[in-house]
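> Got a predicted structure here, sequence first:
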Amino acid sequence: MANTKWTDHWRIWAGVFVAITLFTMAYVLLSNRRAIPTVQIVRAARTGLSDFITCNGKIEPVDAHIFRAQFETFVTGSFAKEGRPVRRGETILTLDAKQIRADLAQARVQLLAAQDNLRNARAGGPPDEKAQLAGDLKRAQVDVERLQQRQEALEKLLAAHASTQDEVSQNAAALARARALLDVLQKKQNDFTDRASLDEKSGSLRAQEAEEEVHLLENKLRSATVTSDVDGTLYSFPLREGDFVRVGDVLAEIADLRKVRLRAFVDESDLGLLKQDQDVKITWDAIPDRQWNGKTQQIPRQVLTRGTRSVGEVLCSVNNDKLELLPNVNVDVQILAQESHNGLVVPRGTVRTEQGAHYVYVLDGDRLRRREVSLGIANSTSYEVVSGLNEGELVAVSSNADLRDGSQVRLSELK
């Protein structure tokens with residue numbers, strides 16, 4: 001009976017030992033299995049790779065004809081509609097110009113007076129004053145010469161006792177008065193000549209100012225009738241009859257909308273990728289199923305602040321033959337910065353960087369081998385591998401596992 005109990009205890013303990021042993025072995029096996037990381041594997045393949053600069057932009061006409069108000073007034077006539085084509089010479093708008101006509105008439109009168117004064121100044125002064133002064137001067141000279149000759153004759157007669165001292169004295173006094181008058185008239189003539197010279201300078205300035213005022217008012221009067229000077233589209237026409245306009249207000253904007261360009265706003269960090277004649281793709285939310293193509297034409301030479309961004313403004317050509325893109329609309333832009341047509345490409349997640357060097361983990365059996373690679377162009381999702389990797393080789397995608405050269409791995413999937 002005692003032997004039976006001992007045998008039963010031994011069997012129980014033996015079962016416990018076996019169970020512990022099996023549990024330990026299973027735990028070790030499971031632990032070892034969990035220690036082998038599972039990684040995603042991709043195959044290096046040749047394909048095209050493009051790197052685009054993504055930004056926004058605005059459409060603008062190449063040769064816009066913008067008409068602005070040159071004086072404050074009211075719109076008296078509106079003869080066109082926004083968005084419609086117009087022909088050269090077609091009247092679009094008229095403005096009230098009654099005050100301008102009155103000002104112009106007065107300015108023309110002032111111009112004639114200024115021109116008349118200038119002619120007089122260039123001729124030596126007003127003709128009547130000039131003639132009067134010349135006559136007075138001539139008479140004074142004749143009087144002096146006559147009295148001088150008489151004085152000489154009287155003095156000879158006095159010496160011959162043929163005249164009296166009183167006659168000589170009276171003639172001498174008359175001669176002195178004549179000479180004094182001649183001096184006054186000669187000084188007056190000099191002053192008249194100097195004044196005429198000054199009047200010529202000031203008169204020339206006044207005539208020029210009056211002429212400019214007339215031209216200015218004539219231009220304003222012509223601007224009161226807004227006439228298209230090109231064949232094109234009236235793409236901006238904000239006014240109607242009776243509206244009040246101030247100086248500088250836009251009256252109308254006309255352009256040939258087949259000739260538009262794109263002003264793209266490229267972030268400062270992307271400016272180094274820009275070159276002339278790069279392909280440009282343009283999309284507009286208003287026509288989501290359309291794409292327009294163009295080329296970069298003018299690379300920016302300065303950086304400007306636009307809102308919270310520092311950007312360069314890139315001018316690009318646009319093909320707008322169907323007249324779908326309108327001036328001043330905001331568009332989305334992609335500029336082709338770099339392109340590879342048959343490069344060896346891997347996802348960005350396969351490439352690691354350490355101390356400036358790039359490397360990947362290549363699958364060798366069930367283990368990974370670290371290999372340094374040289375990279376070419378890149379975009380937001382992929383790298384071009386120039387050297388260090390062969391087409392068809394399998395590389396590991398980055399994961400949370402601590403991968404090392406020689407790490408044993410299990411594959412989760414192959415892409």
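Received it, and whenever you're ready, just let me know what you need.

> So L175 versus L147, what's the distance?
In this structure, L175 and L147 are 4 Å apart, going by Cβ to Cβ, to the nearest Å. Heads up, the C-betas are built off the backbone N, CA and C, glycines and all.

> T296 now?
Using Cβ to Cβ, we find T296 at a distance of 96 Å from L147.

> Show me which of those two is the more surrounded one.
Comparing T296 with L147 by neighbour count (other Cβ atoms under 10 Å), the higher total belongs to T296, at 22 against 19.

> P238 is in contact with S78, correct?
No. Using Cβ atoms under 8 Å, S78 is not in contact with P238; the gap is 10.5 Å.

> and these two? which has more neighbours close in?
Applying other Cβ under 10 Å to S78 and P238 shows that S78 carries more neighbours, namely 17 against 12.

> Quick check: the more buried one vs R240, distance?
S78 sits 5 Å away from R240 when distances are taken as Cβ to Cβ.

> cool, and L147?
Shown here: L147 relative to R240, a distance of 86 Å by Cβ to Cβ.

> So Q276 sits against I299, correct?
Yes. Taking Cβ under 8 Å as the contact criterion, Q276 and I299 are neighbours in contact, 6.2 Å apart.

> Going by how many neighbours each has, rank these two and give me the top one.
With other Cβ under 10 Å as the criterion, Q276 and I299 differ in neighbour count, and I299 comes out ahead with 15 against 10.

> That one contacts I335, doesn't it?
No. With contact defined as Cβ under 8 Å, I299 does not reach I335; the gap is 10.9 Å.

> Where does S204 sit, in terms of helix or strand?
Taking DSSP states H and E as the criterion, the element that holds S204 is helix 165-223.

> If you count neighbours, what's buried in the helix or strand immediately after that helix in the chain?
Sequence-wise, the next helix or strand downstream of helix 165-223 (DSSP H and E) is strand 225-227. Of the residues in strand 225-227, those buried by neighbour count under the rule 16 or more other Cβ atoms under 10 Å are 226-227.

> Parallel or antiparallel, which strands does strand 225-227 pair with?
For strand 225-227, the paired strands and their directions (DSSP bridges) are strand 91-95 (antiparallel).

> So what's the gap between the following helix or strand past the strand it pairs with and the chain middle?
Taking DSSP H and E as the definition, the helix or strand that follows strand 91-95 towards the C-terminus is helix 98-122. Here the centre of helix 98-122 is set off from its chain's centre by 41 Å, with Cα atoms, centre = their mean, to the nearest Å.

> Equivalent analysis for stretch 375-394, please.
Going by Cα atoms, centre = their mean, the spacing between the C-alpha centre of stretch 375-394 and its chain's C-alpha centre is 40 Å.

> List the buried residues of it.
Buried residues in stretch 375-394, defined by neighbour count with 16+ other Cβ under 10 Å: 377-379, 382-385, 389, 393-394.

> so what's the backbone phi/psi at the closest residue to I299 other than its chain neighbours?
Distances taken as Cβ to Cβ, 6 or more residues apart in numbering place L274 nearest to I299, at 5.2 Å, with adjacent residues excluded. Main-chain torsions, L274, degrees, to the nearest 10: phi -80, psi 140.

> contact partners of stretch 290-306?
With contacts defined as Cβ atoms under 8 Å, 6 or more residues apart in numbering, stretch 290-306 is touched by 261-262, 265-266, 268, 271, 274-284, 310-320, 324-325, 335.
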